[in-house]
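A.B. asks: below: sequence and its predicted model.
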Amino acid sequence: MDHKCPICGSAVEKYPGAPTVDHDGKEYLFCSEECRGVFLSFPEAYTDEAAAEVNLVEDSGF
């Protein structure tokens, strides 16, 4: 399965000890501890729900 870092969009692979966060029942995988830390600062900005809201705004033509 292909994974992308939710912070920077880099391709990432899951391996033992990979930087991850469990948030609201979903596991997020990161390319680095730095990106993991950014996510932990404000996870709501990087969840699927936030991405869906951005897409709705972009699709609306505003």
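C.D. replies: Happy to help now that I have it.

A.B. asks: got the contact list for Cys8?
C.D. replies: Residues near Cys8 by Cβ atoms under 8 Å, 6 or more residues apart in numbering: 31, 35. Heads up, the C-betas are built off the backbone N, CA and C, glycines and all.

A.B. asks: ranges for the strands of the chain?
C.D. replies: 3-4, 11-12, 20-23, 26-29 (DSSP state E).

A.B. asks: tell me who's in contact with Glu34.
C.D. replies: Taking Cβ under 8 Å, 6+ apart, one finds nothing in contact with Glu34.

A.B. asks: how much space separates it from Ser10?
C.D. replies: 11 Å (Cβ to Cβ, to the nearest Å).

A.B. asks: what is the burial count for Arg36?
C.D. replies: 20 (other Cβ atoms under 10 Å).

A.B. asks: now do the same for it: its pLDDT.
C.D. replies: On the pLDDT scale, Arg36 is placed at 97.
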